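Participant: The sequence and its predicted three-dimensional model are supplied below.
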Amino acid sequence: MTLRETLPELVADVEGALVRLGRGAVATQLRRATLVRWTFDDFAQATYLHLQEGGAVHETISLHDDIPVNVDLDRGGGIVGLDVEGYEATLARLEKPAP
């Protein structure tokens, strides 16, 4: 199942913020991205959505001027994952986090 099918509201918000930053190519990737797994950081109160397994982060796009999300990219510009603060009601639809 794609991230867009699982969390459509979050994906729409992230896509919009990326387009406003001129990062439309990254936004397009979200339409077909698959949620590999997710983790929750109790201390930071943030959820990390892993969209690649083992992907190394080369660049982080902060969307915090618009929404509380960071988008991590690999060296080739592929989305590694999303670091999400808030969106509790949306993220509550996810099953128990991976250990």
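Facilitator: Here it is on my side, so go on.
Participant: Render the CA-only coordinates of the lowest-mean-pLDDT helix or strand in the chain in CSV, please.
Facilitator: Counting by mean pLDDT, DSSP states H and E, the weakest-scoring helix or strand in the chain turns out to be helix 88-91, with a mean of 86. Extracted C-alpha coordinates of helix 88-91, given in CSV (Å, rounded to 0.1, in the frame of the first residue of the first chain):
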residue,chain,number,x,y,z
GLU,A,88,-1.7,12.7,15.8
ALA,A,89,-5.2,12.0,14.4
THR,A,90,-3.8,11.0,11.0
LEU,A,91,-1.0,8.9,12.4
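Participant: That helix - contacts with which helices or strands?
Facilitator: With contacts taken as 3 or more Cβ pairs under 8 Å, 6 or more residues apart in numbering; DSSP states H and E, helix 88-91 sits against helix 8-20. Heads up, the C-betas are built off the backbone N, CA and C, glycines and all.
Participant: mind listing what's buried in the helix it packs on?
Facilitator: Neighbour counts over helix 8-20 (16 or more other Cβ atoms under 10 Å) mark 10-11, 13-15, 17-18 as buried.
Participant: Could you look up the SS state of the closest residue to L21 other than its chain neighbours?
Facilitator: Sequence neighbours aside, I61 is the residue nearest to L21 in space, at 7.0 Å (criterion: Cβ to Cβ, 6 or more residues apart in numbering). Three-state secondary structure (criterion: DSSP: H, G, I helix; E, B strand; the rest coil) places I61 in strand.
Participant: What are the neighbouring residues in contact with I61?
Facilitator: Contacts of I61 were listed using Cβ atoms under 8 Å, 6 or more residues apart in numbering, and they are 18, 21, 23, 26, 70-71, 73.
Participant: Helices - which of those land there?
Facilitator: Mapping these onto helices (DSSP state H) picks out 18, 26.
Participant: nearest to A56, of the contacts of I61?
Facilitator: Minimum distance to A56 across those is 10.1 Å, recorded for L73 (Cβ to Cβ).
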